[in-house]
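Student: 3D model of this:
(chains A and B)
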Amino acid sequence: QKEVEQNSGPLSVPEGAIASLNCTYSDRVSQSFFWYRQYSGKSPELIMSIYSNGDKEDGRFTAQLNKASQYVSLLIRDSQPSDSATYLCAVKWAGTALIFGKGTTLSVSS
Amino acid sequence: DTEVTQTPKHLVMGMTNKKSLKCEQHMGHRAMYWYKQKAKKPPELMFVYSYEKLSINESVPSRFSPECPNSSLLNLHLHALQPEDSALYLCASSQDSTGNQPQHFGDGTRLSIL
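Tutor: Next comes the predicted model:
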């Protein structure tokens, strides 16, 4: 059974701080990893995709992948109130569809 | 704004009605997906179309019937739905169905069954 685990939160950080969102997955033989942001009542929006071990940066967002430890994380620097949303981690294994974690709710206070 | 367009945005229907949800993308993607999402839950995969052929049906009840008329369009036909089918229905597309390319979601159709 392929599983993707996330802390549901809420994760609360002050404006300007770094928010760290974590995701673990059950099977080391995984291929592709994605972070989506979902505002309440809206559809998921792709934030980052990462395929290789290490860090990938895009603006204020950094995705980190460690396949040996089976975790993927998302760092949000200089957090803004507009970053308040649910962040979904999604993992794709060979022969399976994309599997989503339950999401972590982030709250950034001004 | 998203590049995957879903209509209608909201739909209220009775349990005896027949309706259809529509999804369109013009990104040249060859894989399209239907998901169902209940409040405070992650999206649940319903169907996958790859090159206009149904490749995955996640044991979805037959009251949901997907259709892919061409590579840009995806429909979901609804008939005799139950109140528990009320949810946000999301369409997504990706370049292919291997999973190496990210999926892009439409804004969804919020469905309410009376």
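
Student: Low-confidence regions, the chain specifically.
Tutor: Since no chain was named, I'll use chain A. Within chain A, not a single segment meets pLDDT under 70.

Student: let's do chain B instead
Tutor: Within chain B, the stretches with pLDDT under 70 are B:1-2.

Student: which residue does it bring closest to chain A?
Tutor: Relative to chain A, the nearest point of chain B is B:Gly99 (3.3 Å; CB to the nearest CB). Yep, even glycine has a C-beta here, placed from its N, CA and C like the rest.

Student: Look at that residue and give its secondary structure.
Tutor: Per DSSP: H, G, I helix; E, B strand; the rest coil, the local secondary structure of B:Gly99 is coil.

Student: who's in contact with the nearest residue to it once chain neighbours are set aside?
Tutor: Distances taken as CB to CB, 6 or more residues apart in numbering or on different chains place A:Lys92 nearest to B:Gly99, at 3.3 Å, with adjacent residues excluded. A:Lys92 sits next to A:Ser30, A:Gln31, A:Ser32, A:Phe33, A:Phe34, A:Leu98, A:Ile99, B:Gly99, B:Asn100 when contact means CB atoms under 8 Å, 6 or more residues apart in numbering or on different chains.

Student: Which residue ranges of chain B form strands?
Tutor: Assigned by DSSP state E, the strands in chain B fall at B:4-7, B:10-13, B:18-25, B:31-37, B:44-50, B:53-57, B:64-70, B:73-79, B:87-94, B:104-105, B:109-113.

Student: same question but for chain A, I mixed them up
Tutor: Along chain A, counting by DSSP E, strands occupy A:4-6, A:11-14, A:19-25, A:32-38, A:45-50, A:54-58, A:61-66, A:71-76, A:85-92, A:99-100, A:104-109.

Student: Please give me every residue in contact with the residue of chain B closest to chain A.
Tutor: Applying CB under 8 Å, 6+ apart to B:Gly99 gives the contacts A:Gln31, A:Ser32, A:Lys92, A:Trp93, A:Ala94, A:Thr96, A:Ala97, A:Leu98.

Student: does the third one have beta-bridge partners, and which?
Tutor: Beta bridges link A:Lys92 to A:Ser32 when assigned by DSSP bridges.
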